[in-house]
Structure formats: C-alpha cells, structure tokens
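**Student:** sequence plus predicted model, see below.
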Amino acid sequence: MKKVYFASDQHFGAPTAELSFPREQKFVAWLDEVKKDAEAIFLLGDLFDFWFEYKTVVPKGFVRVLGKLAEIRDSGIPIYFFVGNHDLWMNDYFEKELNIPVFYDNQEFTFNGKTFLIGHGDGKGPGDLGYKRMKKVFTNPFFKWLFRWLHPDIGVRLAQYLSVKNKLISGESDVKFLGEDNEWLILYAKRKLENKHYNYLIFGHRHLPMIHAVGENSDYVNLGDWISYFTYAVFDGSTFELKTFEN
C-alpha cells in the first residue's frame, strides 16, 4: 500500500497573518512532498487558529493552503478533516468547495489490518473542565446564531483576539509531559481500550509529539504541532512513525 499521513495543530493565522505565513509555506511544501505517495491524508484539527463560516463568508487568507488541499483532493487522494477546538465552527465549506469530509468527533479506520481511532482530542478524558464548559457554549446553536449576527469585521477580529490571548479558549497548556497518570488523552485512550482494541489512537490538541504504549499492541499517538515541532505521522502499511518535516 501507499502511505497514510497524519498532521495536526497548524494554527494558521496566529499570532498574526504575517508571522503565520512562513509556516503556511512550509506546510504547503509538506503537502507537495507527501502527495507523491499518499494513500490518504488526515488533518486532525486546528488547521486555522480561528475559523467561522457565515452563510456567504469565510475568513480571508490561507489561499495557498486551501488551493493545495483542493489540488490534492482533485487528484483523487482522500483527505479527511477533523474539527479542532479552534476551527469547531466549521460548517460545509470544506465539503462543498474541496470535497473533503469533515468530522466532529472520533472516527475509526482500518488500514492494512491495523485499526485506528482518530480525532482532535479536545475535551476528552478526565479534567479540562473549564474548556469543556466553554465548548458547550461554543457549540450551542443559539450562541452560534448570535455570533453570526456580528459583522464579520467585528466577529472575526474579536474571535482572533480571544483565540490567541485566552488559553482557556485555546485549550493550550504547558507542553511538557505530565506523566502517564496525568496526561488526559493517555487516560482517555486506556479507557477506550477497555471496550475495543485499537492499534493506534491518534490525536492532536496536546501540541506534544509522542508515541506512548497504552496496551498490548496499542499506542497512543499525539501528532505535536506546526508551531514548534513541525511533526507528522506516517503509516506505510506495517510501520508507524512520527517524523519532523525539514525544509
């Protein structure tokens, strides 16, 4: 088989469009590289630091990233997008314009006999109660309707400010390994394995690249980010690896 690629937490647009632009260029170069042998590409959320779809308006910018995704998808390579906590207000733009399915929660996939549980990872596991409460507000249809009534120049500017400044909203934390008993996503992965076996449980959100054994032939994987690490994962049909993109 060809290779399956995974990446997460690019946060394009943060902290400013100008400072984000070199990272966008690097990510586009990565997409150009992996499209040569990709069976599928998984993007596990927070591609943008903020994203909100009005009925006829989406945030401007990111044209090179969106164009490259369209080019790859038009070539026949499947791309799967998982909504993160920064782009959870995604609607149907990716599906209609790019033919990329959008998922709002974990999904199961099988490649070459290996089972994968894949998601962004926000709000999973014990703890993180402040963010979980905030997410209920963000995803409430009434509050989304209220926000939609803000003019995009106001709404987008306000949301971008909060996204960068407020760690409760961003879901970010100090990216240091907290120990197996304190990493919420590791605990969540172990709980999921109590009901069903997966070879790989792959998430983003944590911004800390790691592969951690959580059971017999089961690994929890965090993809890191494209802010500090520029990491991604690749599965070639038998071997699963975390790698750093050098460009």
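**Tutor:** Nice, thanks for sending it over.
**Student:** so Y229 is in contact with E246, correct?
**Tutor:** No: look at Y229 against E246 with C-beta atoms under 8 Å: they stay out of range, at 11.6 Å. For glycine as for every other residue, the C-beta is placed from the backbone atoms N, C-alpha and C.
**Student:** mind checking pLDDT for the spatially most central residue of the chain?
**Tutor:** The centre of the chain sits closest to G45, judged by C-alpha atoms, centre = their mean, with a distance of 1.9 Å. In this model, G45 is scored at 93, pLDDT.
**Student:** how close does it sit to A213?
**Tutor:** Using C-beta to C-beta, to the nearest Å, one gets 24 Å for the distance from G45 to A213.
**Student:** buried ones in the helix or strand containing E241?
**Tutor:** Here E241 is covered by strand 240-244, with elements defined by DSSP states H and E. By neighbour count on 16 or more other C-beta atoms under 10 Å, the buried set for strand 240-244 is F240, L242.
**Student:** partner strands of that strand and their direction?
**Tutor:** Next to strand 240-244 in the sheet, as set by DSSP bridges, lie strand 231-235 (antiparallel).
**Student:** check the offset of the strand it pairs with from the chain's centre.
**Tutor:** For strand 231-235, the separation from the chain centroid amounts to 13 Å (computed by C-alpha atoms, centre = their mean, to the nearest Å).
**Student:** cool, stretch 109-118 as well?
**Tutor:** 18 Å.
**Student:** thinking again about what came up before, if you count surrounding residues, which of Y229 and E246 has more?
**Tutor:** Between Y229 and E246, counted using other C-beta atoms under 10 Å, the more crowded position is Y229 (17 against 7).
**Student:** quick check: longest helix of the chain.
**Tutor:** Longest helix in the chain, counting residues (DSSP state H): helix 17-34.
**Student:** which residues touch that helix?
**Tutor:** For helix 17-34, contacts defined as C-beta atoms under 8 Å, 6 or more residues apart in numbering pick out 3, 5, 7, 10-14, 41, 49, 61-62, 64-65, 68-69, 72, 226-227, 230, 232, 234, 245, 247.
**Student:** kindly report the same for stretch 146-162.
**Tutor:** Against stretch 146-162 from outside (C-beta under 8 Å, 6+ apart): G13, A14, D49, F50, F52, Y54, K55, V57, P59, W89, I169.
**Student:** isn't L187 right up against P126?
**Tutor:** Yes: here L187 lies in contact with P126, judged by C-beta under 8 Å, at a distance of 6.0 Å.
**Student:** which one's more surrounded, these two?
**Tutor:** L187 (18 against 10).
**Student:** tell me the contacts of the more buried one?
**Tutor:** Contacts of L187 by C-beta under 8 Å, 6+ apart are G125, P126, D181.
**Student:** and the least confident of these?
**Tutor:** Within the contacts of L187, pLDDT reaches its minimum at G125, with 74.
**Student:** list the contacts of it.
**Tutor:** W184, L185, I186, L187, Y188, R191.
**Student:** for the record, mean pLDDT for the longest helix of the chain?
**Tutor:** On average, helix 17-34 scores 95.
**Student:** so that helix versus strand 231-235, what angle?
**Tutor:** Per axes from the mean of the first three to the mean of the last three C-alpha atoms, to 10 degrees, the angle that helix 17-34 makes with strand 231-235 is 20 degrees.
**Student:** identify the residues contacting the helix or strand that helix 17-34 is followed by?
**Tutor:** Counting by DSSP H and E, the element after helix 17-34 in chain order, helix or strand, is strand 38-43. For strand 38-43, contacts defined as C-beta under 8 Å, 6+ apart pick out 1-8, 31, 34-35, 72, 77-82, 111, 118, 202.
**Student:** just those: which are in helices?
**Tutor:** L31, V34, I72.
**Student:** nearest spatial neighbour of the last one, chain-adjacent residues omitted?
**Tutor:** This points to I72. Take I72 and drop its neighbours on the chain: the residue closest to it by C-beta to C-beta, 6 or more residues apart in numbering is K35, 5.0 Å away.
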